[in-house]
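*Asks:* show me how the following folds:
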Amino acid sequence: MKLFSSFLSIFFLVAIHFSFNIGSEKDVSGTYGGCCVESKVVLVLNEDQTFEYRDHSDVNNKITTSGSWALDGNVIQLSNYDAPQKIHHKWRVEKNGKAIKSRKGLAFYRLVKECK
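*Replies:* Below is the predicted model of the structure:
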């Protein structure tokens, strides 16, 4: 009986381990914004690790900038950009790379990958 319970415990541990999506590097490059509507905030992540960021949510303070990006686990970090004001520079990947979200102060953004 002790052997059976040990075997059962090991089986469940292995099953739980493989139930999580560990996976390899996500393909996060692409255009993120509003799906099927024109978005005021757009982030384009190019395959060469460069990005273009456009935030036209405030008509009086439109932001358009570009720079480089890096993926660290589930976080996209934007760097080497020149913008007149602070931008959302840290984005968390969700839905297996189909969406990204960010928070800056009380502004919460969630962008989805371009609809096809």
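
*Asks:* buried stuff in the helix or strand that contains residue 53?
*Replies:* Assigned by DSSP states H and E, residue 53 belongs to strand 50-55. Of the residues in strand 50-55, those buried by neighbour count under the rule 16 or more other Cβ atoms under 10 Å are 51, 53-55. For glycine as for every other residue, the C-beta is placed from the backbone atoms N, C-alpha and C.

*Asks:* and it, what does it pack onto?
*Replies:* Helices and strands touching strand 50-55, by 3 or more Cβ pairs under 8 Å, 6 or more residues apart in numbering; DSSP states H and E, are strand 41-45, strand 63-72.

*Asks:* pull up the pairing partners for the longest one, direction included.
*Replies:* This points to strand 63-72. strand 50-55 (antiparallel), strand 75-79 (antiparallel) (DSSP bridges).

*Asks:* before we move on, the earlier item: ok, which pair from the buried residues of strand 50-55 is furthest apart?
*Replies:* Greatest spatial distance among those (Cβ to Cβ): 51 and 55, at 12.6 Å.
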